[in-house]
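> For reference, the sequence and a predicted model appear below.
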Amino acid sequence: MTRPTYREIAPYRADPRPCAIDLSDNTNLWGAAPSATRVLRSAGNASLARYPEPYSETLKDALARYAGVSSSMIVTGCGSDDVLDSTIRACAEPGDAVAMVDPTFVMIPQLARANGLHVVRIPVGADADVDVERLTAANAAITYVCSPNNPTGRSVPRSDIQTIVERARGVVIVDEAYVEFQGYSAVDLVSGNARVVVARTMSKAFGLAGARVGYAIANPELIVEIEKARGPFKVASHAADAATAALDTDVDWVRARVGDAIESRERVASALREIGLAPLASNSNFVFVPIANSAAIASAMRTRDVAVRPFAGVPTFGDALRITIGPWELMEPALAALREAIAECA
Ligand SMILES: *Cc1c(COP(=O)(O)O)cnc(C)c1O
């Protein structure tokens with residue numbers, strides 16, 4: 001009855017138990033952009049009876065101003081997961097390949113398989129760096145690079161992204177979900193290259209994960225094809241209004257919270273080094289901490305009401321934890337839970 005290729009795809013599962021300190025999903029622990037909340041509070045019910053704009057034209061204008069491109073270069077979606085999914089579908093046929101670094105964003109293999117593509121994994125190097133040679137030699141229909149990379153937190157140097165774009169055969173997706181923490185972008189590569197898609201989200205620095213708004217920036221002809229794969233009416237009206245308000249009003253708020261996150265992150269990193277761990281230098285709002293037995297440690301932390309994301313058997317690094325950075329008042333008890341968990345699991 002169902003597609004055989006779907007049987008191997010596991011549904012996404014998150015721990016349903018409520019948790020006091022949730023450092024598992026890299027969302028903004030300072031909260032949502034304030035004007036988005038104001039818009040949602042004051043929303044009347046008249047607009048609920050109507051369809052939203054088919055391709056979120058008003059939101060596109062706000063995103064275009066924010067990203068410094070024209071509206072015709074923007075596609076929106078129900079989270080950037082939706083935009084990534086649509087891009088894969090628009091740019092590759094079943095049987096084609098997606099080449100990616102290992103480890104990278106966990107949704108990519110899922111989305112690839114759901115669209116009938118197979119995945120070529122190129123393990124990261126000693127410094128969690130991307131092997132540009134091997135990645136482009138895969139000759140894939142789609143090459144996916146995430147900068148800063150989830151879960152390692154490491155930026156891909158601009159020169160590497162440029163080389164990947166020059167050498168890759170097919171479409172190159174640059175995932176900039178955490179671009180606000182990085183300080184540079186690959187967006188300027190889009191105008192010079194019809195095969196580059198820069199994917200972004202309102203879920204992380206803007207704090208709007210619950211609104212489900214993502215977008216991508218690409219050449220206008222490619223945008224039209226991605227929108228065909230996406231379909232109309234994918235961003236709910238209130239989500240689009242909230243995101244538009246945040247983009248128009250809260251960019252300074254976002255910048256300030258990014259500064260807070262970076263300050264807290266460096267404090268957390270030195271606390272981790274003090275207990276003998278070696279977190280990777282991060283360019284994002286989370287840290288990647290190699291640690292043996294990460295699943296047991298994470299579950300010992302969970303019983304202390306702190307959620308972090310364990311990874312097992314990561315190339316080069318083995319087991320590791322990914323810890324989202326929030327205000328220091330949350331990180332202090334989280335670090336205490338980690339120390340206790342390490343003692344318990346020893
Ligand atoms: C969180 C995340 C996304 C997805 O965000 P949406 O909530 O679907 O917009 C995309 N890419 C990476 C690397 C992420 O970490």
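The structure has been received and is ready for your questions. Numbers count the residues shown, from 1 in each chain.
> Can you tell me which residues in this protein are near the ligand?
In this structure, the chain approaches the ligand at residues 26, 79-81, 105, 146, 150, 175, 177, 201, 203-204, 209, 214, judged by CB under 6 Å from any ligand atom. All C-beta atoms are positioned from the backbone trio N, CA, C, and that covers glycine.
> of the residues you listed, buried ones?
Restricting these to buried positions leaves 26, 79-81, 105, 146, 150, 175, 177, 201, 203-204, 209, 214, with burial counted as 16 or more other CB atoms under 10 Å.
> Tell me the one of the residues of the chain next to the ligand nearest residue 333?
Taking CB to CB as the measure, residue 333 lies nearest residue 26 of these, at 18.8 Å.
> quick one: secondary structure of that closest one?
At residue 26 the chain is in coil, as set by DSSP: H, G, I helix; E, B strand; the rest coil.
> so how many other residues sit close to residue 249?
Applying the criterion other CB atoms under 10 Å, we find 16 residues in the vicinity of residue 249.
> whoops, I mixed them up, residue 312
By the criterion of other CB under 10 Å, residue 312 has 10 neighbours.
> Pull the most distant pair out of the buried ones among the residues of the chain next to the ligand.
With CB to CB as the measure, no two of those lie farther apart than 146 and 209, at 17.2 Å.
> Find the residue closest to residue 100 in space, skipping its chain neighbours.
residue 144 (4.3 Å; CB to CB, 6 or more residues apart in numbering).
> give the contact list for the one you found.
Counting by CB atoms under 8 Å, 6 or more residues apart in numbering, residue 144 makes contact with 98-101, 104-105, 108, 172-173, 175.
> Which one of those residues is nearest to the ligand?
When the contacts of residue 144 are compared for distance to the ligand, the smallest value, 3.8 Å, is given by residue 105; criterion: CB to the nearest ligand atom.
> Spatially, which residue comes closest to the closest one, not counting chain neighbours?
Spatial nearest neighbour of residue 105, chain neighbours left out: residue 150 (4.9 Å); criterion: CB to CB, 6+ apart.
> Look up how far residue 110 lies from residue 5.
12 Å (CB to CB, to the nearest Å).
> How about residue 144?
Plainly put, residue 144 is 12 Å away from residue 110 if you go by CB to CB.
> Check whether residue 80 really touches residue 215, as I assumed.
Yes - the pair residue 80 and residue 215 qualifies as a contact (CB atoms under 8 Å) at a distance of 7.0 Å.
> And the residue of the protein closest to the ligand?
Using CB to the nearest ligand atom, the closest approach of the chain to the ligand is made by residue 79 at 2.7 Å.
> ok now do that residue, which residues does it touch?
The neighbourhood of residue 79, defined by CB under 8 Å, 6+ apart, consists of 201, 203, 212-214.
> Just the ones of the residues you listed in strands?
In strands, judged by DSSP state E, the following of these are found: 201, 213-214.
> from those residues, which is closest to residue 73?
Of all the ones in strands among the contacts of residue 79, the one with the least separation from residue 73 (CB to CB) is residue 214, at 15.0 Å.
> Model confidence for the closest one, exactly?
The pLDDT attached to residue 214 in the predicted structure is 98.
> The strand or helix carrying residue 165 - contacts with which helices or strands?
Taking DSSP states H and E as the criterion, the element that holds residue 165 is helix 158-167. With contacts defined as 3 or more CB pairs under 8 Å, 6 or more residues apart in numbering; DSSP states H and E, the packing partners of helix 158-167 are helix 132-137, strand 142-146, strand 171-175, helix 188-192.
> The stretch 201-346 of the chain: strands as residue ranges?
Secondary structure of the stretch 201-346 of the chain, counting by DSSP state E, counting those that start in this stretch: strands at 213-217, 286-290, 306-307, 309-314, 318-324.
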